[in-house]
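Undergrad: mind folding the following:
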Amino acid sequence: MRTRSYILLDPEPDAALMRFIAMAAETTGFLKGAQGGPMPGWHTPGRDNAAALQRLHDALALRYPQAGKPFWAVRMWTNLVWQPAYLAATAVHYHGALPDLSAISQKVEGVHVDGYRLKPGPQLEGDVETLIDAAGAQLRVLSEAMLDEVNAFVKLKPIPAKRLLTDRMLGIMVRLARQRPDLSPAVIAGYSNRWLAAMGLTGQGELEFITLHDGRQAPIIARKGCCLDYLIEPDYYCASCPKQSDAVRLARQKADAETALAG
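TA: A predicted model of the protein is given here:
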């Protein structure tokens, strides 16, 4: 008796999801997504991700042995949360509808998590505030589960993790302000505060506004957390690093804002 082999194909293209994926790629220039379920070896919420996370942990330890476990923990965490954060913001502020991010699959390769897949399905529609609340709730559940996974390999306390996720969301709000000059500083601040509240991150960082040479108000990040990159580059701090004096931090971020807006 002959046996037949079947190839599991992805479902028919979901037009709304494909538009969202294209929008995310266009507005960021770096998000690489596709429709469908997880590929072998990818990280997917709710599944056994031990092998994928072990590969990520081992790759970080091999690449940055001098940085140590605190750095590996931070990089594991920031790798897992950055794509969901950008996708949530894209859904709310550019696409105008929210797909289900709870089952996002992410590609783990070397020291990076880069590339994602989403399953087709209905998307939530509503005003910006409604979508922020819904997207923030999804991110909160996702991030809490991912932090538990990271802690199975190397310890990262909740407060530092929350501060790093806050930094990511604030950075996205800075980017939004630059791409959407039609949004006033008050509107950007309101969106930022609502995102942090929806994600349970209030008080873990905030936006500040500085006056540029032409009189415009530009948002910058007032961070409470540290990405620990100085452990691999001892003489370098990020422009927004809280380990610097406020005067140095503000000057560096103002220079960055002037350069970005000039372009």
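Undergrad: switch to C-alpha atoms for all contacts and neighbour counts from now on
TA: Will do.
Undergrad: check which residues of whichever helix in the chain runs longest are buried.
TA: If you go by DSSP state H, the chain has its longest helix at helix 128-151. Neighbour counts using 16 or more other CA atoms under 10 Å place 131-140, 142-143, 146-147, 149-150 of helix 128-151 among the buried residues.
Undergrad: what helix or strand is the residue nearest to residue 178 when sequence neighbours are not counted located in?
TA: Nearest residue to residue 178, sequence neighbours excluded (CA to CA, 6 or more residues apart in numbering): residue 261, at 6.8 Å. Applying DSSP states H and E as the criterion places residue 261 in helix 246-262.
Undergrad: which neighbouring elements make contact with that helix?
TA: Packing contacts for helix 246-262, counted by 3 or more CA pairs under 8 Å, 6 or more residues apart in numbering; DSSP states H and E, involve strand 217-223.
Undergrad: what's the average pLDDT for the strand it packs on?
TA: Across strand 217-223, the average pLDDT comes to 95.
Undergrad: repeat that for stretch 118-131.
TA: Rounded mean pLDDT across stretch 118-131 is 97.
Undergrad: just the helices in the stretch 51-200 of the chain please.
TA: Taking DSSP state H, counting those that start in this stretch as the criterion, the stretch 51-200 of the chain carries its helices at 69-90, 128-151, 158-179, 185-198.
Undergrad: show me what counts as buried in the last one.
TA: By neighbour count, and taking 16+ other CA under 10 Å as the criterion, the buried residues in helix 185-198 are 185, 188-189, 191-198.
Undergrad: repeat for the third one
TA: Judged by neighbour count using 16+ other CA under 10 Å, the buried positions of helix 158-179 are 160-174, 176-178.
Undergrad: could I get the contacting residues of residue 34?
TA: Applying CA atoms under 8 Å, 6 or more residues apart in numbering to residue 34 gives the contacts 18, 21, 116-118.
Undergrad: out of those residues, the closest to residue 225 would be?
TA: Comparing the contacts of residue 34 against residue 225 with CA to CA places residue 116 closest, at 26.5 Å.
Undergrad: measure the closest one to residue 22 for me?
TA: 13 Å (CA to CA, to the nearest Å).
Undergrad: so between the two, which is more surrounded?
TA: residue 116 (26 against 16; other CA atoms under 10 Å).
Undergrad: show me where pLDDT drops low in the stretch 151-263 of the chain?
TA: For the stretch 151-263 of the chain, the stretches with pLDDT under 70 are 263.
Undergrad: centre-most residue in this structure?
TA: The residue lying closest to the centre of the chain (CA atoms, centre = their mean) is residue 82, at 2.4 Å.
Undergrad: count of neighbours near residue 119?
TA: Neighbour count of residue 119, defined by other CA under 10 Å: 22.
Undergrad: what do you get for the one 3 residues further on?
TA: If you count neighbours by other CA under 10 Å, residue 122 ends up with 13.
Undergrad: distance of it from residue 18?
TA: Distance of residue 122 to residue 18, given as CA to CA: 12 Å.
Undergrad: same question for residue 258.
TA: The spacing between residue 258 and residue 18, counted by CA to CA, is 35 Å.
Undergrad: one more: residue 180?
TA: From residue 180 to residue 18 the distance is 23 Å (CA to CA).
Undergrad: who's more crowded, those two?
TA: Between residue 180 and residue 18, counting by other CA under 10 Å, residue 18 is the more crowded of the two (16 against 13).
Undergrad: my guess is the more buried one meets residue 35, correct?
TA: Yes: counting by CA atoms under 8 Å, residue 18 does reach residue 35; the two are 7.1 Å apart.
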